[in-house]
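[1] Sequence below, structure please.
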Amino acid sequence: MRTIQYTIEPEDTGKKVEEFLMKKQGFSRRVITALKKLPEGMLLNGVHTRTVDLLQAGDLLEINLPETAKRMPLCEIPVDILLEDEDVIVYNKPAGMPVHQSGGHIFGTLDGVYAAHCAATGQVTPFRPINRLDKDTTGAVVAARNQIAAGKLWKAVTKRYVAVVEGIPRYSRRLIRLPIERERPMELKRIVTPEGQDAVTWYRVLEEGKECALLEFLLYTGRTHQIRVHMSCLGNPLVGDPLYGAPSEDIGRQALHCARVFFPHPLTGTCTAVDAPPPEDFLQLLEKRGLTWDPSRLMEKQPPLEELEGDFIVPRGEIFLPQDP
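    Predicted structure coming up:
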């Protein structure tokens, strides 16, 4: 059970409990409704309180969040934990590991790793990943450890991806806007098509290597395979990506890694940055291709989309890149 305590400040005197939790602390109405049904869900100065009760300066409001977790096969594969506290956990996911169980992947998943971790530490809480990575994409996965953290982190995590692409991109930095959808219903592969969902990717070249380049990516939408599809469409598919046209003996998967995540901490609001070191196969690929790894080159902040409009935008529905004016 996660317990959160708030000491009421003078500026919150006279507010209802519900108003304080929803407007100041970011609680959802669904969570508050669930707390109302619990004898110790919301305590004001140690006594059960109603959502309509008024707060006074110096009051102690205590929230108790019970948790249940579904039973699943435990996964004992070691996965590095980059950050862990009562509200959030960040893993450095390895290649070949799905984030979630599915019909084709029952064992060896990251949620199984988390379940094993909770069993070993005596915790009971479901796995709530905020960002997800493809099975063979590596890097930082942020998961909330309670309902409140999940609500506050939803759409609040920004990512820095890095990838090695075949060839040298024509432009050192560009903003791509090409819609994406499944090539065929129920199949994994995606394509660029005017009928697809809007997809916006920004990249910049960090370093040029041997007939390849190391790129940094910012995503402004979250479509499946977005980076892989966009770069393949531009003629620079990710090295090692068999699905989008660039299998390689230098690496047995797409060379894509989520190297850094940023998010406001769900309890304190403090901006939190977590770096995920690339795995050995990615580092070996860099060495083979004459590239180097330096995380200090990654952008520290994600600029608003409108600040990048000076970079070339591929309009929605325009499949082939036109020449610059």
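
[2] for Trp202, what are its contacts?
    By CB atoms under 8 Å, 6 or more residues apart in numbering, Trp202 lies in contact with 173-176, 217-220, 308, 311. No exception for glycine: its C-beta is placed from N, CA and C like everyone else's.

[3] again, but for Ala259
    139-140, 160-162, 275-276, 278, 295, 298.

[4] top of those by neighbour count?
    With neighbours taken as other CB atoms under 10 Å, the top of those is Gly139, carrying 28 neighbours.

[5] Now the element after the helix or strand harbouring that one, going C-ward?
    Per DSSP states H and E: Gly139 is located in strand 138-144. Next in sequence after strand 138-144, counting helices and strands by DSSP H and E, comes helix 147-153.

[6] Report the rounded mean pLDDT for the helix or strand following that next one.
    Per DSSP H and E, the first helix or strand lying C-terminal to helix 147-153 is strand 158-166. If you average the pLDDT over strand 158-166, you get 97.

[7] List the buried residues in the helix or strand His117 falls within.
    Secondary structure assignment for His117, by DSSP H and E: helix 110-121. For helix 110-121, the buried set under the neighbour-count rule, 16 or more other CB atoms under 10 Å, comprises 110-118.

[8] so it versus strand 138-144, what angle?
    60 degrees (axes from the mean of the first three to the mean of the last three CA atoms, to 10 degrees).

[9] which residues are in contact with helix 110-121?
    69, 72-77, 79, 81, 89, 91, 93, 97-101, 123-125, 127, 129, 141, 143.

[10] buried subset of those?
    Of those, these count as buried by 16+ other CB under 10 Å: 72, 75, 79, 89, 91, 93, 97-99, 101, 123, 125, 127, 129, 141, 143.

[11] okay, among those residues, which ones form the most distant pair?
    Pro98 and Gln123 (22.1 Å; CB to CB).

[12] Next step: the buried ones among the contacts of helix 110-121 restricted to strands.
    Under the assignment DSSP state E, the buried ones among the contacts of helix 110-121 contribute 89, 91, 93, 129, 141, 143 to strands.

[13] List the residues that contact the third one.
    With contact taken as CB under 8 Å, 6+ apart, Lys93 is in contact with 79, 99, 110, 133, 137-141.

[14] Identify the farthest-apart pair in these.
    Val79 and Thr137 (14.2 Å).

[15] coming back round to it: please compute how far the helix holding His117 lies from its chain's middle.
    When C-alpha coordinates are averaged (CA atoms, centre = their mean, to the nearest Å), helix 110-121 and its chain have centres 19 Å apart.

[16] pLDDT (mean, whole number) over it?
    Helix 110-121 comes out at a mean pLDDT of 94.

[17] same deal with stretch 292-302?
    pLDDT averaged over stretch 292-302 gives 93.

[18] ok, now stretch 77-84?
    97.

[19] For the remainder of this discussion, apply numbering that starts at 65.
    With 65 as the first residue, the last one maps to stretch 141-148.
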